[in-house]
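Novice: Got a sequence here, can you build the structure:
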Amino acid sequence: MDINRRIRDQFANSVATKQQAAEAMAGPIAEAIRLMTASLRMGGKIMACGNGGSAADSQHFAAELLNRFERERAPLAAIALTTDTSTLTSIANDYHYDQVFAKQVAALGRTGDVLLAISTSGNSPNVLAAMAVAHDRGVRVVALTGKGGGSMAAALADGDIHLCVPASRTARIQEVHLLTLHCLCDGIDTLLLGDQQ
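Specialist: The predicted model follows:
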């Protein structure tokens, strides 16, 4: 086995996937940037949720907005619905794990807010439940998926935005998800602060 070759292949596959995603996703990412920036300008917030690696991405994204990305600016209103273990475990224990994000969206979501719903497969039941509550609360959804979007693609409402990575391998989807989050952060900062050379 040539482990060095396997490593180089991983890098090459990642680059190829990102190039394909750039063509397919640039337009929808720009739409999501405009939607999120408009919400923040109007006093709204961005809530993010997902499981496993997508939970980590939710927290990463919220931290970049609350603190800073690459430029100094005022904190932006964002919250990861994946971080409060007492809330997550009490909902899962008293109700069902499928409700751990939905109940938080019901409590915190307001018309004009945005829910960033992350799932590599597009089939996470608790993310789907959060999307349904978001629609009831007047919260727009940005779905970040892969593998064709799964059930989340079918659950999108008018005005929602689908950021679907054109790949089926979970590792490649997750890599593009992280790049997409950085594009969102950069785009939000650019719309709020102006272009930086």
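Novice: hey, where'd the strands end up in the protein?
Specialist: Applying DSSP state E to the chain gives strands spanning 46-49, 78-80, 114-118, 140-146, 161-165.
Novice: helices or strands next to the longest one in the packing?
Specialist: The helices and strands touching strand 140-146, judged by 3 or more C-beta pairs under 8 Å, 6 or more residues apart in numbering; DSSP states H and E, are helix 3-41, strand 114-118, helix 125-136, helix 150-155, strand 161-165, helix 170-193. Bear in mind the C-beta positions are built from the backbone N, C-alpha and C, glycine included.
Novice: about what we covered before: can you say which of the strands of the chain is packed in most?
Specialist: strand 114-118 (a mean of 29; mean count of other C-beta atoms under 10 Å).
Novice: Give the partner strands of it in its sheet and their orientations.
Specialist: strand 46-49 (parallel), strand 140-146 (parallel) (DSSP bridges).
Novice: That one: how far from the chain's middle?
Specialist: 5 Å (C-alpha atoms, centre = their mean, to the nearest Å).
Novice: hmm, back to that, right, so of the strands paired with strand 114-118, which gets closest to residue 107?
Specialist: strand 46-49 (10.6 Å; C-beta to C-beta).
Novice: Output that closest one as PDB, restricted to C-alpha atoms.
Specialist: The C-alpha trace of strand 46-49 is given here as PDB (Å, rounded to 0.1, in the frame of the first residue of the first chain):
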ATOM      1  CA  ILE A  46     -29.200  33.200  12.500                       C
ATOM      2  CA  MET A  47     -29.800  29.900  14.200                       C
ATOM      3  CA  ALA A  48     -27.800  26.800  13.100                       C
ATOM      4  CA  CYS A  49     -28.300  23.100  13.700                       C
END
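Novice: which residues are in contact with that strand?
Specialist: With C-beta atoms under 8 Å, 6 or more residues apart in numbering as the test, strand 46-49 has contacts from 36, 39-40, 55, 57-59, 61-62, 65, 76-82, 101, 104-105, 108-109, 113-118, 126-127, 130, 139.
Novice: Which among those count as buried?
Specialist: 36, 39-40, 55, 57-59, 61-62, 65, 76, 78-82, 101, 104-105, 109, 113-118, 126-127, 130, 139 (16 or more other C-beta atoms under 10 Å).
Novice: about what we covered before: make TSV from the strands of the chain and add mean pLDDT and distance to residue 29 to it.
Specialist: Converted to TSV, these look like this (pLDDT from 0 to 100; distance: least, C-beta to C-beta, whole Å):
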stretch	mean pLDDT	distance to residue 29
strand 46-49	98	15
strand 78-80	98	17
strand 114-118	98	12
strand 140-146	98	9
strand 161-165	98	6
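Novice: Using CSV, lay out those together with distance to residue 18.
Specialist: Formatted as CSV, those follow (distance: least, C-beta to C-beta, whole Å):
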stretch, distance to residue 18
strand 46-49, 22
strand 78-80, 24
strand 114-118, 18
strand 140-146, 13
strand 161-165, 9
